[in-house]
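**Student:** Structure for this input, please:
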Amino acid sequence: MALVRRVEEVKSSRGRSANTSLFPAAHRIRREAYSLINPTFQRSVEDVNLLFEILLAGMQIEGEDNAMLIPDEELASLRSVEKLDVICEDVLPKRLSDIRRLTAELAGRRQRLSWQEFERTVLTLVYAAQTLAGSSSPQQREAWTEAVLQLFRAVQRDLTPS
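**Tutor:** Here you go, the predicted structure:
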């Protein structure tokens, strides 16, 4: 319920300038498509519900050189999933160093995240949690655990009323 409320709040703040430094890759032209600069998947409560359904279906955000995988063929074939694919493949940070930079910037933030930043932070949290689950060495597990905790705290802080 807090997520739906947050979607409604950020819809009302669309006019403000977004801090582009959190996700710099979002503003680079990808796949020769100008329309995919600064892509956003969630534009309505229905989109939020669709993302939730995709995540429950077992969506996997693969590493730097791999594609996003959605096991449910019907969900994967939806036209709106193209933007989610671009976000997951081209916008989200995948290297631990990039995620640490992001979490450091998020920790120092005083203002709420824009709706694009919130979406990307949640998806980065999903990616980090999936990477943690596949980590084998104790050092990797510790590093990814810290990244997941920091991302979770950023999302929690943003969802908590001021």
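
**Student:** Now the longest helix seen in the chain: average pLDDT?
**Tutor:** Ranked by residue count, the top helix of the chain under DSSP state H comes out as helix 138-159. Per-region confidence: helix 138-159 scores 96 on mean pLDDT.

**Student:** Just give the number of residues close to A107.
**Tutor:** 11 (other CB atoms under 10 Å). For the C-beta atoms, the positions are set from N, CA and C on the backbone; glycine is no exception.

**Student:** thinking it is in contact with Q150, fair?
**Tutor:** Yes - applying CB atoms under 8 Å as the test, A107 and Q150 come out as touching, 6.8 Å apart.

**Student:** Now do the phi/psi pair for the closest residue to Q116 other than its chain neighbours.
**Tutor:** Closest residue to Q116 in three dimensions, ignoring its sequence neighbours and counting by CB to CB, 6 or more residues apart in numbering: T40, at 5.1 Å. According to degrees, to the nearest 10, the main-chain angles of T40 amount to phi -140, psi 130.
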